[in-house]
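Asker: show me the folded form of this:
(4 chains, ligands or ions: 4)
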Amino acid sequence: MTVTDRTITAPEETLALPAGPAIAHRPLGVFTRPQGSEGWRSWLFTVDHKRIGIMYGAAALFFFLVGGAEALFIRLQLATPNGSVIGAGTYNGVFTMHGVTMVFLVIMPMAAAFANYLLPLQVGARDVAFPRLNAFSFWCFLAGGMLLTSSILVGGWFQNAPDGGWFAYAPNTGLLFSPSKGIDFYAVGLQILGIASLVSAINLIVTVLNMRTPGMSFFRMPVLTWMLLITQFLLLFALPVITVALFLLMFDRLWDANFFNVEAGADPLLWQHLFWIFGHPEVYILILPAFGIVSEIIPTFSRKPLFGYHFMVASGIAIGFMGWGVWAHHMFTSGVGPLSVAAFSVSTMFIAVPTGVKILNWLATMYRGRLRFTTPMLYAVGVVSMFTIGGLSGVTHSIAPSDTQQTDTYYIVAHFHYVIFGGALLGLFGGFYYWWPKAFGYKLNEGWGKASFWVMLIGFNFTFGPMHILGLQGMSRRIATYRADEGFALWNMVATISSFVIALGVLMFFWNVYVSTRNWKRAGRPDVGPDPWDARGLEWMTASPVPEHNFDEDIEVDRLDHFWHRKYGKDENGRIVRAAPTSEIAHDGSNTNVHLPSPSYWPIVLGGGILLVGYGIIYNLWLAAAGLVFLVASIYGWILEPADDPDAAGHHDDHGDDHGGDDHGDPDSNGGPSGNGESATADEPAETEEATVG
Amino acid sequence: MSKRLKALVWLTSLLITAGTVVLIVVSIVVTDDHPLSTLSPVGRQGRDIAELINPIFIVAGVVFFLVQGAVLALWWRYRVAGSDSGDGEFGYYDDDEFPEQTHGNNRLEIAWTIVPTVLLAVISVFTLVALFALDDVKASDEDVVVTVIGQQWWWEYQYHLDGNTDSPPDFVTANELVIPVGVDIALDIKSRDVIHSFWIPKLNGKRDAVPGRSHDWVIQADEPGRFRGQCTEFCGLSHGYMKMVAVALPTAEFAQWRDNQITSADIPQEGTPAGDGWATFSQQCANCHVINGVTSAANRGGDPESAPDSWDIYGEFNGPSAGTYTDELVAGAAPNLTHLMTRGTFAGSAFDLYLNAGDHVPYLNLADQATLNRSELEAWIYNAPERKPADADDLRGMPARTGLSPTDIDNVVAFLSTLD
Amino acid sequence: MATVTPDSPDTAHAPDEHASGGGHDHPSNWLYVKVAIYLALLTAFEVFTYFETVHGWGDTAIIVMLIIMMLLKFFLVVAFFMHLKFDHPIFWRLFVFGLILAMAVYMVMLTAFRIW
Amino acid sequence: MAETMTAEAPGHTPEHHDGEHHTSTGLSNEKLAMWVFLGSECLLFGGLISTYMFNKGRIGPNDVGPEDVFDIPFTSVSSFVLLMSSLTMVFAVSSIARGDLRGNRIWLATTAALGATFVAGQVYEFTAFYSEGLGFTTNLFGSAFYALTGFHGAHVTIGIIMLMSLLVMSMRGNLGPERAETVEIIGLYWHFVDIVWIVIFTIVYLFPQ
Ligand code: HEA
Ligand code: HEA
Ligand code: CUA
Ligand SMILES: [Cu+2]
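Answerer: Numbers count the residues shown, from 1 in each chain, chains lettered A, B, ... in the order given. Ligands and ions are numbered 1, 2, ... in the order given. This next block holds a predicted model:
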């Protein structure tokens, strides 16, 4: 990565990387690196984990509007019996895309936004372990998301959208029963998203294991870091499983393989097992980041440390583990044998135990605290309250015999919206409010924030609360209409109206972003300071917005909540008092001698190549082959990209006063001063190429 | 937050609380009929399930109130007053505002690990007992076994009166599963194409119909009645319209119904409307629909000597090269219409065949007791996919017959009306 | 203002395990050759069972033996060729976690199909 | 690697810029990443192998099955070739660590050649099976067999490409002892592909059918 000699003085310029001198040494002529850190180009080619995080967040919010609009269509269609707003065919596409979009293009990337932005900061690192790969993960995600979403439009409105439900049970997704391109979009799209998440998981795991600042032992890491780490491990091990399933499906559809061909003796339950071996860990992938966020917010606004830190970490690990042993609770009626059902039923129930530990520890953190109900706190407490509802209905599903009554009804729909919306999404929104000042330098407006929270919460409860009743009254899910004499009209109407209340709340959030930004600009961009909430984690120990180099110098961590303990100490009476003003402790972002990775063209180029291969697989294998060639070429481009600008050789240190390393640079070696500048790429083709083989 | 906003928020919450109460009251007073409700079981299995889950609902309710109560109490008790002022400094604490800094309490942690564990252990014991009891699906009281075959988007029932599913069924019907009251009826659930799920909520939970597999299930009804059902595994385009009904008849009536079903239909007299309808039917419909005694295998393009329809949808699997059930796995099959008029609903029970046949009209002799839902039936015959989305080109669902004139359709309906 | 003493650190967490380089005492080439010889022998014996099935050993016995030999080969390569025996234990943990998880999950899946 | 350089800055001092000793664990990011990745690969191949085990018997009595096509002596030889390529890979790693660049090139080339022999054997095997009536679409055994071994073959092929790239780097003088770890990391991948084959060979080919 480039080691550009940066000489920046004014704090407001910290994000501006001055254009370096022209590249003097071009190993293979063409492969220079992009320059500059301003303008839209700098976003396309950035490798900065913070910008990547912000882009993940923005993309997720965009897709949230798409998925939400789909949800509103679902609700409109179901508002009255015999609804005819959208026909059955479109409806099937709409709810499938709603589920897929919300799970893979909203909650997961939102969590990725926080993981990217915060993980390195929370462990006190400069960046993630592999910044270029990180950028690639994002573009690859965006390629997958665009491919999937484009299915709504190509060949006519919802003509080629996936329509097999988000878990796409075979054999309904076979070519025979689903001849449109929809399922191909589903399989290829998820495969691409899987590559993105897998690469990112490896990257973040290495970051946490390897990039911690001195003194940051595992049990000094914030709970959010822990939860994100566990999430990455779940991704690491769960994604290959759905990769296998999707490959089998693609082979069936593209090349007439027999994996789900019942006529050839296949057993469709294979798909279900593979999907849910992935799918259940997946739901914890959705919720654990939110649990982490809640564990950051509640202590801050209770002005107490998190209660039972070690138990919070342990219960997170326990959830991660147990999540692997419960998948067949989605298959209680599929015809798996009674012993399996019994085993999975019982194992599922006990997941309530570690989850309960979390809920109760949050409550204990609030107990006798000084609670300030800021917007983030509202969201966090909202999670505690709403997730519990969803969790409890989850436990009632785990009672296998009664799940035979509940499964595939709106009672399930209620369950998972309570845990996903009421848990994951509220948590992530809380995170937006909480870390917004960190990322952008100003707070979102509290008034609008609270109003939007309450509107959302009320809308949410009246949308999904009634679904419990509907489900128990026998309303099945995924039905495009219901008969008038089935008695579902009332609560469906309530749910539909309320879903528009949620939409209002969501719009208020966006309005809040707009208003707050405008007001901040009008007020002459006042500085919120590094630590606007009086918080505890390392990310608050540097300027807001975080300068490109994160920290001016390494932080030597000596305990959990290091930053907080630097701010506050005890007097001789054991009373807590301020030890030093925040401004003295926090870095001001003025150290400019930190060497940062240079931007790179290749991550986005590779992302484009993947998009090409994706469409190629769906429409024309020659295109896919061309895309593959392009990809391989880009991988070599990536490898041969100069590690940095040789003229700037030298300053590897992050201490501005230490220039001792000038002599080590070897401008003639391809790798540049950073020594083994190429080895990075050596193992990358393994992932990238393999991913594109299909 | 500004004063006005605050007032607004309070007002809305008040309105909403009031609204909820009104709504719940309305929903209770206007006792909507819920024919698919899982909360009012009528069969043994359904009751066992309800008895298992109801106490668990109560436990969950208690946990619910404890947690929500705790949230509200903590909120009320420990909030810092005035903490919602809208100024920019919001969120800062004064330097002396410190509560006691508790880090944790191992005994508490252990307590709230063990208590739920014990609670769940108890629940799991009841669950397992119920599970294995319910799984004991070998029906013994009656020998009738019904092979239930799901396909896009209707149900076929093959009655094996002697309980032997290896031999051809005694008769075949569709969408309305008739059973004697009070006895366990064994079901053998299969599928001809994709996965479906058989579910009569008032009688028992659901069981998936998975192609290539056959699943045992059992239903029983305590009292006579018509119990609605719905296919609950997403099965493509018309999944939402794939419903069914279970009809429980007193033993004597069931016997009467059964004896009628075994009989074949008669070819109507030529020259009558029904006779003309029969002619049209033979040309336009009989290549898919079987009417015992009226259509023959020849109608279906098969060998007239061979069995009229292939009841054994998979048989022993002998590999694709043996060519066993290749043709049967995309449904391509259509409901057996021999006794169409004895059913209360048609086309995956999505439509009523009779206008005033509520769930309670005596089920036998429907044709005499209720009025035929003629317009719906005619519309169906004329353009089925318009009434219920289908994909007949791919052998899924019934094709449109828009070439038929109104008289043709009248005649066909006249013919169909003889099928009781 | 009262004298301020920094709050005492949390309960004793040893400073981070700054394990150094992971004891790279590279084994000699001869060791590798020996390992390769074992691998070859094991392979030969594996193939031998295939041709000797006729001698009426039960299938189960053969399968068990094959699995044992397979695992032996597997761990020989992992431990020696991939250096796990000499390397930092974290590699071992990461890899074996994936391995065991895979075995457990898929075995449960297969038994859920077959035996139960 | 380049990426590490900057990112690992915490604890970094200018005297050491090979990036290996200043991470929290003292291990290089790349090697850690490779092991993490291999952990994930276990679930990929586990899934494929389970799919094979589940499906291989789901064929009719008259269908082409394993016992009809497998040629154990042939596959044993090619398995042996792959197994030995692990040995040569180890030599490639230890030679570069010693600074023996020529030896390194020879062993890299040998490893790649052995791998290519294996892949060639697989291609031959596939064509032979195909001519005996077992195609990808023939039956479940065929689909599962080709999917599993094909995935493995693709992995070997990628490995070969990486080895060749190393060789080219070495020729261009860019692969000195300071990059020994790069070779080691690719070696890890190579060995992994080998142990996967150890499992496949036993379970797919040698288990009594
Ligand atoms: C964020 C995602 C998320 C989370 C966290 C969960 C959490 C849980 N889920 Fe959920 N689930 C989904 C997302 C999620 N689920 C989705 C998307 C589906 C549907 C997929 C589809 O079909 O489309 C689903 C479906 C689903 C099913 C299948 C239903 C069916 O289709 O038939 C089951 C069955 O057991 C289940 C159970 C559980 C359980 C037991 C938990 C537990 O983890 C919950 C634990 C939490 C608590 C219990 C509350 C707090 C605890 C206490 C306060 C302690 C005291 C409590 C007790 C002693 C009971 N879920
Ligand atoms: C993962 C997260 C997630 C989230 C956040 C949501 C959010 C919502 N869901 Fe979602 N839902 C799923 C995941 C999610 N869902 C899944 C996995 C399924 C199963 C799919 C399947 O069966 O395969 C499902 C299924 C599902 C169903 C059942 C469909 C069926 O079975 O037939 C319904 C029905 O009401 C529903 C409703 C809603 C509603 C009203 C929201 C609301 O909360 C949405 C609120 C958001 C907005 C309203 C956005 C605001 C938008 C605007 C204001 C307009 C935007 C306009 C533009 C500028 C474009 N969802
Ligand atoms: Cu049949 Cu849904
Ligand atoms: Cu689950």
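Asker: measure the residue of chain A found nearest chain C to residue A:303 for me?
Answerer: Across chain A, no residue is closer to chain C than residue A:571, which sits at 3.5 Å (CB to the nearest CB). In this view, the C-beta of every residue, glycine as well, is placed from N, C-alpha and C. As judged by CB to CB, to the nearest Å, residue A:571 and residue A:303 stand 17 Å apart.
Asker: between those two, which one's more packed in?
Answerer: residue A:303 (18 against 14; other CB atoms under 10 Å in any protein chain shown).
Asker: OK, contacts around the more buried one?
Answerer: If you count contacts by CB atoms under 8 Å, 6 or more residues apart in numbering or on different chains, residue A:303 has them with A:369-370, A:372, A:534, B:93, B:97-99.
Asker: filter those residues down to the buried ones, PyMOL style.
Answerer: Here is the PyMOL selection string for the buried members of the contacts of residue A:303, based on 16 or more other CB atoms under 10 Å in any protein chain shown:
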select buried, (chain A and resi 369+370+372+534) or (chain B and resi 93+98)
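Asker: if we only consider the contacts of residue A:303, which is nearest to ligand 1?
Answerer: residue A:369 (19.4 Å; CB to the nearest ligand atom).
Asker: need the nearest residue in space to the closest one, chain neighbours excluded.
Answerer: Spatial nearest neighbour of residue A:369, excluding adjacent residues (CB to CB, 6 or more residues apart in numbering or on different chains): residue A:302 at 3.0 Å.
Asker: re earlier: any idea how far the residue of chain A closest to chain C lies from residue A:584?
Answerer: Relative to residue A:584, and taking CB to CB, residue A:571 is found at 18 Å.
Asker: name the element the residue positioned nearest the centre of chain D belongs to?
Answerer: Taking CA atoms, centre = their mean as the criterion, residue D:193 is the residue nearest the geometric centre of chain D, at 2.7 Å. Counting by DSSP states H and E, the element that carries residue D:193 is helix D:180-200.
Asker: what about the strands in the stretch 451-600 of chain A?
Answerer: A:568-570, A:576-578 (DSSP state E, counting those that start in this stretch).
Asker: so which of those strands comes closest to ligand 3?
Answerer: Nearest of those (CB to the nearest ligand atom): strand A:568-570, 60.7 Å.
Asker: next structured bit after the helix or strand of chain C with the lowest mean pLDDT?
Answerer: Using mean pLDDT, DSSP states H and E, the weakest-scoring helix or strand in chain C turns out to be strand C:5-6, at a mean of 41. Heading C-terminal from strand C:5-6, the first helix or strand you meet, by DSSP H and E, is helix C:29-52.
Asker: buried sites along that next one?
Answerer: Those would be C:32, C:35-36, C:39, C:42-43, C:46-47, C:49-50, for helix C:29-52 by 16+ other CB under 10 Å.
Asker: nearest to ligand 3, of these?
Answerer: When the buried residues of helix C:29-52 are compared against ligand 3 (criterion: CB to the nearest ligand atom), the nearest one is residue C:50, at 47.0 Å.
Asker: identify the residue of the stretch 201-350 of chain B closest to chain C, quick one.
Answerer: Counting by CB to the nearest CB, the stretch 201-350 of chain B gets nearest chain C through residue B:213, at 10.7 Å.
Asker: the buried residues of helix C:29-52 also near chain B: which ones?
Answerer: Subset of those in contact with chain B: empty, counting by CB under 8 Å from any CB of the partner chain.
Asker: any stretches of chain A with poor pLDDT?
Answerer: Residue ranges of chain A with pLDDT under 70: A:1-32, A:35-37, A:643-694.
Asker: of all of it, which residue lies closest to ligand 2?
Answerer: For chain A, CB to the nearest ligand atom, closest residue to ligand 2: residue A:68, 2.0 Å.
Asker: also chain D?
Answerer: residue D:47 (22.5 Å).
Asker: quick check: closest non-adjacent residue to that residue.
Answerer: In space, residue D:47 is closest to residue A:244, 3.4 Å off (CB to CB, 6+ apart).
Asker: so which of the strands of the stretch 451-600 of chain A is the most surrounded?
Answerer: Across the strands of the stretch 451-600 of chain A, the average number of neighbours (mean count of other CB atoms under 10 Å in any protein chain shown) peaks for strand A:568-570, which reaches a mean of 19.
Asker: could you give the angle of the helix holding residue D:193 to helix C:29-52?
Answerer: Per axes from the mean of the first three to the mean of the last three CA atoms, to 10 degrees, the angle that helix D:180-200 makes with helix C:29-52 is 20 degrees.
Asker: which strands or helices does helix D:180-200 pack on?
Answerer: helix A:679-682, helix C:59-76, helix D:29-55, helix D:72-98, helix D:101-131, helix D:140-171 (3 or more CB pairs under 8 Å, 6 or more residues apart in numbering or on different chains; DSSP states H and E).
Asker: 7 Å instead, please
Answerer: helix A:679-682, helix C:59-76, helix D:29-55, helix D:72-98, helix D:140-171 (3 or more CB pairs under 7 Å, 6 or more residues apart in numbering or on different chains; DSSP states H and E).
Asker: export these to JSON lines and tack on distance to residue C:108 and mean neighbour count?
Answerer: As requested, these are arranged in JSON lines below (distance: least, CB to CB, whole Å; neighbours: other CB atoms under 10 Å in any protein chain shown):
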{"stretch": "helix A:679-682", "distance to residue C:108": "36", "mean neighbour count": "28"}
{"stretch": "helix C:59-76", "distance to residue C:108": "18", "mean neighbour count": "16"}
{"stretch": "helix D:29-55", "distance to residue C:108": "10", "mean neighbour count": "25"}
{"stretch": "helix D:72-98", "distance to residue C:108": "29", "mean neighbour count": "22"}
{"stretch": "helix D:140-171", "distance to residue C:108": "20", "mean neighbour count": "21"}
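Asker: for the residue of the stretch 1-150 of chain B found nearest ligand 2, give its distance to chain D.
Answerer: Ligand 2 sits closest to residue B:36 of the stretch 1-150 of chain B, with a gap of 15.3 Å, by CB to the nearest ligand atom. Distance, residue B:36 to chain D, by CB to the nearest CB, to the nearest Å: 36 Å.
Asker: any idea which helix is longest in chain C?
Answerer: If you go by DSSP state H, chain C has its longest helix at helix C:89-114.
Asker: does that one come close to chain A?
Answerer: Yes - Helix C:89-114 lies within reach of chain A by CB under 7 Å from any CB of the partner chain, at C:98, C:101, C:105, C:109, C:112-113.
Asker: for the stretch 201-350 of chain A, what spans make up the strands?
Answerer: Counting by DSSP E, counting those that start in this stretch, the stretch 201-350 of chain A contains no strands.
Asker: return the residues of it in contact with ligand 3.
Answerer: Taking CB under 6 Å from any ligand atom as the criterion, ligand 3 has no neighbours within the stretch 201-350 of chain A.
Asker: residues of the stretch 201-350 of chain A that sit close to chain C?
Answerer: A:212, A:214-217, A:219-220, A:237, A:269, A:273, A:277, A:324, A:328, A:336-337, A:339-340.
Asker: one more pass at 6 Å, please.
Answerer: A:217, A:219, A:237, A:273, A:277, A:324, A:336-337, A:339-340 (CB under 6 Å from any CB of the partner chain).
Asker: and the residue in the stretch 101-250 of chain B that ligand 2 sits nearest to, what's its pLDDT?
Answerer: Nearest residue of the stretch 101-250 of chain B to ligand 2: residue B:234, at 7.1 Å (CB to the nearest ligand atom). What the model reports as pLDDT for residue B:234 is 96.
Asker: quick one, phi psi at it?
Answerer: phi -60, psi 120 (degrees, to the nearest 10).
Asker: go on, residue B:396?
Answerer: phi -120, psi 100.
Asker: since we're on residue B:251, how many residues are nearby?
Answerer: Count around residue B:251 with other CB under 10 Å applied: 12.
Asker: tally up the residues packed near residue D:60, please.
Answerer: Residue D:60, neighbours per other CB under 10 Å, totals 20.
Asker: contact partners for residue A:253?
Answerer: Counting by CB atoms under 6 Å, 6 or more residues apart in numbering or on different chains, residue A:253 makes contact with residue A:175.
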